[in-house]
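S.K.: fold the following, please.
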Amino acid sequence: MGQETEEAYVTFLFAYVGVIFVLGVVLGVSAFGKMPEAVDGFVSERLYPFFTPFVGGFLAFSSAYGVIKTRDDPNGG
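M.R.: The predicted model follows:
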């Protein structure tokens, strides 16, 4: 994996974690009923079912990165 490609991928993973954090905070605030009814409805209907597969996407992307890094390691093992 090239240096630029690796940096871009790590940046992507960092941004992905940032989005997961923000979504988690929104879900947490919504759980305490601190949002307007319309926003709470959106969170309950759209965001809550989307969150788990989105976190699973991070698991898949980070696992792929680990496999690629392990495969490309000249000292492998």
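
S.K.: hmm, Phe54 and Ile20 touching each other?
M.R.: Yes: using Cβ atoms under 8 Å, Ile20 is in contact with Phe54, at 6.8 Å. Every residue, glycine included, has its C-beta placed from N, CA and C.

S.K.: continuing past whichever helix or strand Phe21 is part of, what's the next helix or strand?
M.R.: Here Phe21 sits within helix 3-31, counting by DSSP states H and E. Later in the chain than helix 3-31, the nearest helix or strand by DSSP H and E is helix 37-42.

S.K.: list the buried residues of the helix holding Phe21.
M.R.: For helix 3-31, the neighbour count (16 or more other Cβ atoms under 10 Å) marks 9, 16, 23, 26, 30 as buried.

S.K.: per-residue confidence averaged over it?
M.R.: Mean pLDDT, helix 3-31: 94.

S.K.: chain center to it, what's the gap?
M.R.: 5 Å (Cα atoms, centre = their mean, to the nearest Å).

S.K.: helices and strands around that helix, which ones?
M.R.: Helix 3-31 sits against helix 48-72, with contacts defined as 3 or more Cβ pairs under 8 Å, 6 or more residues apart in numbering; DSSP states H and E.

S.K.: and the helix it packs on, what does it pack onto?
M.R.: Counting by 3+ Cβ pairs under 8 Å, 6+ apart, helix 48-72 packs on helix 3-31.
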